[in-house]
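Peer 1: Next input, structure requested:
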Amino acid sequence: MLSESKEHAGPQFVEANGIRICYETFGRKGDQPIVLIMGLAGQMILWDEDFCNALAAQGRCVVRFDNRDIGQSTHFDSLPAPSMRRLFAARLLRRTPKAPYALVDLAKDTIGLMDALGIERADVVGASMGGAIVQELLINFPQRLRTATAIMASTGAPGLPPPTLPALGVLLRRPARTKAAYVDSYVRAWRVLAGKHFPFDAMKMRRQAERGWERGLNPPGVSRQMLAIAASGNRKPRLAAVTVPTLVLHGSLDPLVPLAHGRDLAASIPGSTFRVIEGMGHTLPRGAWPQILAAIERHAVIAPQPV
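Peer 2: Numbers count the residues shown, from 1 in each chain. Below is the predicted model of the structure:
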């Protein structure tokens, strides 16, 4: 069950949707729940503890968790894992690959976690692939959402701008074999994705990389998550029926999911609110937190209360 303490409680484990999910909480059980969904290859620790504490200070019970195939949640080691290069080749040829699971399954994991924690309705916030999972929640489980926020996300519609070559290189880099090599590669990758507007804290990123290594990496799982993205296709037509209050946030300098994707997502959801975070890349820099947190807090106020 959710922690009664204001302090960080975790890690904890539950069985949900047939898998084991590792999660942590911030805030009190009685506060309005907000569920944070991270993106491709991202362990839940990418939702910074200070960021989670700031959300808790808004009167939220914050839940962050590892998606399937990453961190300390269930790894699907028996399933095939294609190379990133093959996946991008398939996308360039506009082929829809077969996948052992799709993004809707990750959405079902989120609902299963909410069920296990006794959460009937929640605000949900997703970053990157997490924003795509939020879209699957909006389409398939709208009754479980109070509000939705998608950050640096795409509808998956064809014809949108591709990543920059340096950002594409981040996705295609080979997995490091040692901790030192992994930490160095991690810092270089996030420096590319962060852009140059907000200060880049290399030491913080090194600590985050070391913690991720210690929690456990799963490169084949990253490939399977990418396969799930590719196989899930274009959500744009299905988003036209969404009625849940939705906020779309996107960085003006995102090199991996360019700003046009955010504009397209906001235009696809009736009545959505769109906000550009000037200077933000494909990261959640501390310098942008005041804008992000304020936008999420304002968005929560407009949500209709249950009858």
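
Peer 1: Span of stretch 238-247 from start to end?
Peer 2: Counting by Cα to Cα, to the nearest Å, you get 17 Å between the two ends of stretch 238-247.

Peer 1: per-residue confidence averaged over that stretch?
Peer 2: Averaging pLDDT along stretch 238-247 gives 98.

Peer 1: what sits up against it?
Peer 2: Here stretch 238-247 makes contact (Cβ atoms under 8 Å, 6 or more residues apart in numbering) with 135, 138-139, 142, 145-150, 155, 265, 268-273, 275, 295-296, 299, 302-304. In this view, the C-beta of every residue, glycine as well, is placed from N, C-alpha and C.

Peer 1: got it, and stretch 222-229?
Peer 2: Applying Cβ under 8 Å, 6+ apart, the external contacts of stretch 222-229 come out as 40-41, 67, 69-70, 76, 79-84, 87, 97, 99-103, 105-106, 129, 132, 156, 171.

Peer 1: returning to that earlier point: mind giving me the PyMOL select for the contacts of stretch 238-247, buried ones only?
Peer 2: Buried residues among the contacts of stretch 238-247 (16 or more other Cβ atoms under 10 Å), as a PyMOL selection:
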select buried, resi 135+138+139+145+146+147+148+149+150+155+265+268+269+272+273+275+295+296+299+303
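
Peer 1: Can you flag which of the contacts of stretch 238-247 belong to helices?
Peer 2: Members of those lying in helices (criterion: DSSP state H): Q135, L138, I139, L265, S268, A295, I296, H299, I302.

Peer 1: And the first one, how far from I111?
Peer 2: Note on Q135: its distance to I111, by Cβ to Cβ, to the nearest Å, is 14 Å.

Peer 1: Tell me the helices and strands packed up against the longest helix along the chain.
Peer 2: Criterion DSSP H: the longest helix present in the chain is helix 179-194. For helix 179-194, the elements it packs on are helix 165-172, helix 202-215, judged by 3 or more Cβ pairs under 8 Å, 6 or more residues apart in numbering; DSSP states H and E.

Peer 1: could you give the angle of the longest one to helix 179-194?
Peer 2: Between helix 202-215 and helix 179-194, the angle comes out at 130 degrees (axes from the mean of the first three to the mean of the last three Cα atoms, to 10 degrees).

Peer 1: contacting residues around helix 202-215?
Peer 2: By Cβ under 8 Å, 6+ apart, the surrounding residues in contact with helix 202-215 are Q43, I45, L46, G71, Q72, K179, Y182, V183, Y186, V187, W190, R191.

Peer 1: swap in stretch 124-136?
Peer 2: 34-40, 42, 46, 67, 103-104, 106-107, 110, 137, 145, 147-156, 225, 229, 232, 235, 239, 256-257, 265, 282, 284, 296.

Peer 1: hang on, S223 in a helix?
Peer 2: Yes - the assignment for S223 by DSSP: H, G, I helix; E, B strand; the rest coil puts it in a helix.

Peer 1: Could you report the neighbour count for it?
Peer 2: Neighbour count for S223, taken as other Cβ atoms under 10 Å: 20.

Peer 1: repeat for R286
Peer 2: 14.

Peer 1: Now do the contacts for the closest residue to Y23 other than its chain neighbours.
Peer 2: Closest residue to Y23 apart from its sequence neighbours, by Cβ to Cβ, 6 or more residues apart in numbering: F65 at 3.7 Å. Each residue near F65 by Cβ under 8 Å, 6+ apart is listed here: I21, C22, Y23, E24, V35, L36, I37, M44, S73, L113.

Peer 1: No more questions from me, cheers.
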